[in-house]
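[1] How does the following fold in three dimensions:
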Amino acid sequence: MRPTIQSVLLLLCALVALAASRKCEFQGHRCAASGKLTKIYQCNHGRRVSFRCPTGTVCIQSGSSAYCGTDINVQQAPSKPSSSSTKSSSTSTKSSSSSTKSSSSSTKSSSTSTRSAASPSCSVTNVPALKSCSNPYPGVVGDCGWLNYINCHEATTPSSNTKFPPAVCPGTPPTPWSTAGPLSFPANLDGGYGVPLTPAQIYTILSLVWVAENSNGNFAGVVPWYTAYSYIQDIGDGRGYTINLVGFTTATGDFLVFLQHLQALEPCNPLVQYIPDVAALSQSGSSALTGLQGLAQSVVSQGGGPSGAGPINPNYVAATWNTLSDSTTDSAYWYLAMSYSRQYNLSLPISKGQLYDIALNAGISGLESVVLKVTAKAPTAAQSGGAQELAWLSNLQQLWIKQITTGDTSLDGGQPDRGLMWQHLAAPTQSTGKNSAGAYGANNTVPNLQLALPITVNCYGNQITIMSP
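    The predicted model follows:
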């Protein structure tokens, strides 16, 4: 019997109702199974919708963004920044840079990156086809097709800020710029309760986040998490440009906060020109790129060049972490993790890193929600770093793994890999669960509470060794 129009409509209504019943609380986009499957979930006003990546690509999580990609060495779309990624700290093919007159001193210190990112003329036949806005650019960084591709076919117009740069620019931009690398974060970064995190421990935390969000290939060595500073792309998620380590966006307000922090450090930085344009886009929640002509080139120039490993403006780095530490924004992942470490007397690097990873993976509200469910007694100041802190951390990790496997499974596609990785590092004898590939979360046989390197973890079917920088 052939189905009637009425029966088809009834079936469609039922499917819509079923989809609507699947509530979600996460922010941005999530992979159904990061690095393994091809479905991406989006939380739209509390309702989960999904779509699949093109053939030959996989879903890659970065902070609160997810996109379709193919290569671990191609810079990922951070979107807290993830993810990191989205939420997180990620790598992806990058872009070009052209400098403005107002940034002449900065341009000189990064001239190599600027020259390599120049956009040559070419025929239309050389421009790669845009298969999906979320895919990394498949061409050569800075070639004639790059800008149109990362703009997702959105038109850009010149900035409305015609009074930039001002006649007098206070302060002097730092020169020369250092090369972006594994320790490219502020020396005075908040280290949380107790003994502050060392640079090596911060690098390890950022690297663990990176491998969890970009584990779609084998990797061993110094983790290039820093190459995401210069990431910028409109990934077609309705939030305009997604930018930087964790995926600040031009439509949601966090990139505006970043620009304001940058302005406080360097009033005549070429990116400061776009403050009124980004403010207008953020206020309306617009996905348009109106007024953002030249922004992409400046982001790449400021953030380490096309490869992400070239000269990087230290003020750009500082503004990034000032934003991640700004309690007034939805991107305050680092701030919230270190604040909880002080509130609950958590001094172990493994505790601080776990808090930051959950914040990037689930967003601010996600971390707040799981912390509130912890029933283990928090350690006193005298108990910090000892058995009571480990009991509290163990309770947090158990709740988190339960959340991503049986709660809102759209976070990590219901797979426990990311949670088991951290759990095994903290308590290898207690973490007996196996991940999606049937492996333990890490290879340590004794607790690695100080995050000492090297570390070998197993995540989404890949074994990844993190070496000292």
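[2] which stretches of the protein form helices?
    5-21, 104-109, 111-116, 146-150, 199-213, 254-265, 275-284, 295-302, 314-324, 333-343, 349-372, 387-406, 417-426 (DSSP state H).
[3] Now render those as CSV, adding mean pLDDT and mean neighbour count.
    Every C-beta, even on glycine, is put in place using the N, C-alpha and C of the backbone. Listed next are those as CSV, based on pLDDT from 0 to 100; neighbours: other CB atoms under 10 Å:
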stretch, mean pLDDT, mean neighbour count
helix 5-21, 45, 10
helix 104-109, 35, 18
helix 111-116, 33, 18
helix 146-150, 90, 22
helix 199-213, 94, 26
helix 254-265, 96, 22
helix 275-284, 98, 18
helix 295-302, 95, 27
helix 314-324, 97, 23
helix 333-343, 97, 22
helix 349-372, 95, 25
helix 387-406, 95, 20
helix 417-426, 96, 27
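[4] Indicate which one of those is closest to A220.
    helix 199-213 (10.4 Å; CB to CB).
[5] So which elements touch the closest one?
    Judged by 3 or more CB pairs under 8 Å, 6 or more residues apart in numbering; DSSP states H and E, the packing partners of helix 199-213 are strand 58-62, helix 349-372, helix 417-426, strand 455-459, strand 462-466.
[6] okay, the angle between that helix and helix 417-426?
    150 degrees (axes from the mean of the first three to the mean of the last three CA atoms, to 10 degrees).
[7] Output helix 199-213 as PDB, restricted to C-alpha atoms.
    Output in PDB follows, covering the C-alpha atoms of helix 199-213 (Å, rounded to 0.1, in the frame of the first residue of the first chain):
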ATOM      1  CA  PRO A 199      54.200  27.100  32.900                       C
ATOM      2  CA  ALA A 200      54.800  23.400  32.200                       C
ATOM      3  CA  GLN A 201      51.600  22.500  34.000                       C
ATOM      4  CA  ILE A 202      49.600  25.100  32.200                       C
ATOM      5  CA  TYR A 203      51.000  23.800  28.900                       C
ATOM      6  CA  THR A 204      50.000  20.300  29.900                       C
ATOM      7  CA  ILE A 205      46.500  21.400  30.700                       C
ATOM      8  CA  LEU A 206      46.100  23.200  27.400                       C
ATOM      9  CA  SER A 207      47.600  20.200  25.500                       C
ATOM     10  CA  LEU A 208      45.200  17.700  27.100                       C
ATOM     11  CA  VAL A 209      42.300  19.900  26.100                       C
ATOM     12  CA  TRP A 210      43.800  20.100  22.600                       C
ATOM     13  CA  VAL A 211      44.200  16.400  22.100                       C
ATOM     14  CA  ALA A 212      40.700  15.800  23.400                       C
ATOM     15  CA  GLU A 213      39.200  18.200  20.900                       C
END
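[8] Now do it against helix 349-372, angle only.
    Using the same axes, to 10 degrees: helix 199-213 against helix 349-372 is 50 degrees.
[9] quick one, helix 199-213 and helix 333-343 angle?
    120 degrees.
[10] check contacts around A251.
    Counting by CB atoms under 8 Å, 6 or more residues apart in numbering, A251 touches 238-240, 281-282, 285-287.
[11] repeat for L399
    370, 373-374.
[12] Adding distance to P416, write the residues you listed out as TSV.
    Listed next are the contacts of L399 as TSV, based on distance: CB to CB, whole Å:
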residue	distance to P416
V370	14
K373	17
V374	18
